[in-house]
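Q: have a look; sequence and predicted model below, questions after that.
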Protein chains: 2
Amino acid sequence: MYIGIDVGGTNLKAGLVDETGRIVTVKRVPLDFRGSEHFARVLAELSQAVLAEGVDAQYVGIGLPGAVSGGDVLFTTNIPMENVPLEKLFRQYLDLPLLLGNDADCAAVGEFFCGAGKGTEDFAIVTLGTGVGVGLILNGKLRGGAVSSEAGHIVMRQGGESCNCGRRGCWERYASATGLIQQTEAAMEGHPESLLHEIAEKNGGVEGRTAFQAAELGDETALAVCHAYAENLADGAISLINVIRPEVIAIGGGVAAAPEHLLLKPVREIVKRESFGRHGGRITKILRAELGNDAGIIGAAFLGRVM
Amino acid sequence: MYIGIDVGGTNLKAGLVDETGRIVTVKRVPLDFRGSEHFARVLAELSQAVLAEGVDAQYVGIGLPGAVSGGDVLFTTNIPMENVPLEKLFRQYLDLPLLLGNDADCAAVGEFFCGAGKGTEDFAIVTLGTGVGVGLILNGKLRGGAVSSEAGHIVMRQGGESCNCGRRGCWERYASATGLIQQTEAAMEGHPESLLHEIAEKNGGVEGRTAFQAAELGDETALAVCHAYAENLADGAISLINVIRPEVIAIGGGVAAAPEHLLLKPVREIVKRESFGRHGGRITKILRAELGNDAGIIGAAFLGRVM
C-alpha cells in the first residue's frame, strides 16, 4: 500500500492506494497554511488518518504545485513556502520517507501506471491549466525534482507575449487554459455578434470551454478560436516530441475534455503532418489523459516506483 | 578495443579506439557509394584494416548523417540509402555486431566520454553545421536510433522560415552555420560599407566565421549579426534546457570556434537570465565541445557503452 497526497489550491487530498492504483481510502481537508512546521504536521496527520489499522506503507508521496528537489520544497506557487526541508519536518511527526513531486510530474506518474501511459516506457503528459504543465517519464524513470521538465517554457514565438518565467512567447502563453480564455476574450471584442457573448454571460464569464461550446453550435468566431488554439497546442507538442520522441503524449486538464473533433483530432493531424517522426523513427501518439482529478493522488502514491 | 567509423560527406574514417578514447589507428578512404551491398563490404574491409594483428573488437560502431533504427539505416542525407538493413549486409563480410548511430548522436557519445560531457549523467551536444544537430544522453543512456533527438526542429518562430523538415521557423533555420551565412549575406546587402564584403571576397565567399572575423575588427554590421545569432542560438538552447535540463550542453561544429566573447559568453548570459533553472532546480552549463573532428570516430566506437 502507498499513501499519496495531492496539494491543490484549496484542499489537501490524501489517499491510500493499492498496488493496482485503486484508491482505497481518501481524506480531504481544506488547505489552511500556518507555516511549514504546521503544514508538515498536517501532512503527517492526514497520512495517519488514511492508514488503515494494521496496514503498512513504505513511504508517503506528495504532489505540490511548484519546484522540489530531494526532500526540499524550493518554492510553491500557491503556498508561501521557499526552500523548506519538508521531509525533515515531516519526519518529526511520522517516521516514513516523504517523496516529493511537482503536480505535473505526479500527473505523469499516475497516467503512466494507470492511465494513458500504461504499457509505455517513454511518456509525457501535458496538463492544460493556468499554465502548461509537463511531466516526463523516460526509460521508465521520472525526470523529476531538480530536473523536472518545464517544457511549457519552450519559446514558440520569439519576442512574443511576456511569460511569468521571464521569457517571451512561451508555449504556455498560447496553449494554457489561461491563454485560451484570453484568446476567446480577444475574439469576442472583435465580434459582438458571436454566440460567445451569450454563452459567457450564462456561465458567469469566459471559461476554457466557452469557445468549444459556441463552436459546437456552429459559431464561426468560436470555431476560429478553437482552430488557432489547437494549432498552438500542436505546435508546442511537436517541438516537445522532436526533442524526446516519447511513445505517447497524454493531454490533460479541464480543456482536454473538449469535443474530440475540435481539439485532439486536429492536434493529431498536425502532429502527424509535421513531427519529425514521419521522416523515420518513432511516431508519437496523442491521447487524452484518463484519470482526471485522481491522477494527483495516484501519481504521488507511485512516486517511489519511478525514482 | 573498439572500432568506430565516421561517415562524412566525402570520406569514410575508421579508427581503432582504446578504452580511454585514444585513437590508436586511423584509416581514411574517399566515399565512393556504389550501392548498399558494396558500401557494407567497404565498411567491413575498413574495419579489418584498422584491426591490428591479434586485437579483438567487440563490435563496430558507425556514425551516419541521417536516421537509423536498430541495425537499419532509415535514410541518409548525403548517400542514397533508404531502409537498408546495413548490419545484416555487413555481417556477410565480417562477423561482428554493427552498431548504428546518427552523426549528432555519435558526437554526443564522444564528448560524453572524452570531452565536454565527461563526468555528467545528463548531457546534450548541439552541433552547428548545415543544420543544428542535437544528441542527448540522459541518465547515461543515449536517446538514439528511433528516439534520436531532433531538437533542431523546435519551432522558435511560429510561421517563420520554411525548414527542410516541413515545419516553419525551426531553431536550425536561425542557429545553424547555414542560417548564420544567410544572416551575414542579408546584412551585407543592406550595408555596402561593411568590412564583411572585403573579408568575404578575400576568402572566396561568405562562411560561418565571416561575421566573427569582421566583428573582431570592430565592424558594427558584423557585430549586430553576431549578437542576433548568439540570441537565436541561446533561445533554442534554453527551450531544449527547459525540456530536459541537462547538466551540460556542449556547442560544437565549426561556428563554435568563434571568439568566446562574441558567441559563448553572450549565450551563457542569456541562458543564465532566462532558463527556468533560476527559479530552482538544475542550472545547465554551456561549454564548448572539445573533440573536434575526432568526436565522430570516438563516439561511434563507444556507442556500445550507452545503448
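A: Here it is on my side, so go on.
Q: which residue does the stretch 151-300 of chain A have closest to chain B?
A: Residue of the stretch 151-300 of chain A nearest chain B, by Cβ to the nearest Cβ: residue A:280 (3.4 Å). For the C-beta atoms, the positions are set from N, CA and C on the backbone; glycine is no exception.
Q: and the strands in the stretch 151-300 of chain A?
A: Along the stretch 151-300 of chain A, the segments classed as strands by DSSP state E, counting those that start in this stretch run A:248-252, A:285-288.
Q: mind putting those strands into TSV with mean pLDDT?
A: Shown next, in TSV, are the strands of the stretch 151-300 of chain A (pLDDT from 0 to 100):
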stretch	mean pLDDT
strand A:248-252	98
strand A:285-288	98
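Q: which one is residue A:220 nearest to, not counting chain neighbours?
A: Leaving out its chain neighbours, the residue that sits closest to residue A:220 by Cβ to Cβ, 6 or more residues apart in numbering or on different chains is residue A:194, at 7.7 Å.
Q: cool, residue A:70 as well?
A: Spatially, and ignoring its direct neighbours in sequence, residue A:70 is nearest to residue A:145 (6.3 Å; Cβ to Cβ, 6+ apart).
Q: around chain B, pick out the residues from the stretch 1-150 of chain A.
A: Contact residues, the stretch 1-150 of chain A versus chain B (Cβ under 8 Å from any Cβ of the partner chain): A:67, A:69, A:74-75, A:122, A:134, A:136, A:138-139, A:141, A:143, A:145-150.
Q: which strands or helices does the helix or strand containing residue A:48 pack on?
A: Element membership for residue A:48, per DSSP states H and E: helix A:36-50. In terms of contacts (3 or more Cβ pairs under 8 Å, 6 or more residues apart in numbering or on different chains; DSSP states H and E), helix A:36-50 is packed against strand A:2-7, strand A:11-17, strand A:23-30, strand A:60-64, helix A:86-91.
Q: can you list the strands that the longest one pairs with?
A: Strands that pair with strand A:23-30, judged by DSSP bridges, come out as strand A:11-17 (antiparallel).
Q: list the contacts of stretch A:36-56.
A: A:1, A:3, A:5, A:12, A:14-16, A:24-27, A:29, A:32-33, A:57, A:60, A:62, A:79, A:81, A:84, A:86, A:89-90, A:92-94, A:96, A:98 (Cβ atoms under 8 Å, 6 or more residues apart in numbering or on different chains).
Q: isn't residue A:226 right next to residue A:213, touching?
A: No: applying Cβ atoms under 8 Å, one finds residue A:226 not in contact with residue A:213, separated by 10.2 Å.
Q: counting neighbours, go ahead and name the busier of the two.
A: Neighbour count, other Cβ atoms under 10 Å in any protein chain shown: between residue A:226 and residue A:213, residue A:226 has more, with 25 against 19.
Q: can you check the pLDDT for that one?
A: Residue A:226 carries a pLDDT score of 98 in this model.
Q: check residue A:82 too.
A: 93.
Q: low-confidence ranges, the stretch 1-150 of chain A, go.
A: Along the stretch 1-150 of chain A, no part satisfies pLDDT under 70.
Q: looking at it, which residue is nearest chain B?
A: With Cβ to the nearest Cβ as the measure, residue A:74 is the residue of the stretch 1-150 of chain A nearest to chain B, at 3.4 Å.
Q: tell me the angle the helix holding residue A:48 makes with strand A:2-7.
A: 140 degrees (axes from the mean of the first three to the mean of the last three Cα atoms, to 10 degrees).
Q: I'd guessed residue A:21 sits against residue A:114; true?
A: Yes: with contact defined as Cβ under 8 Å, residue A:21 reaches residue A:114; the gap is 3.7 Å.
Q: buried set for the longest helix anywhere in chain A?
A: Scanning chain A for the helix with the most residues, using DSSP state H, yields helix A:220-244. Of the residues in helix A:220-244, A:221-226, A:229-244 count as buried by neighbour count, 16 or more other Cβ atoms under 10 Å in any protein chain shown.
Q: which of those residues come close to chain B?
A: For chain B, the contacts drawn from the buried residues of helix A:220-244 by Cβ under 8 Å from any Cβ are A:232, A:235, A:238-240, A:242-244.
Q: between those, which is closest to residue A:293?
A: The nearest member of these to residue A:293, counting by Cβ to Cβ, is residue A:240 at 24.0 Å.
Q: just to be sure, the residue of the stretch 1-150 of chain A closest to chain B is in a helix?
A: No: read with DSSP: H, G, I helix; E, B strand; the rest coil, residue A:74 is strand and lies in no helix.
Q: isn't residue A:70 right up against residue A:101?
A: No: the pair residue A:70 / residue A:101 is not scored as a contact, 11.4 Å apart, by Cβ under 8 Å.
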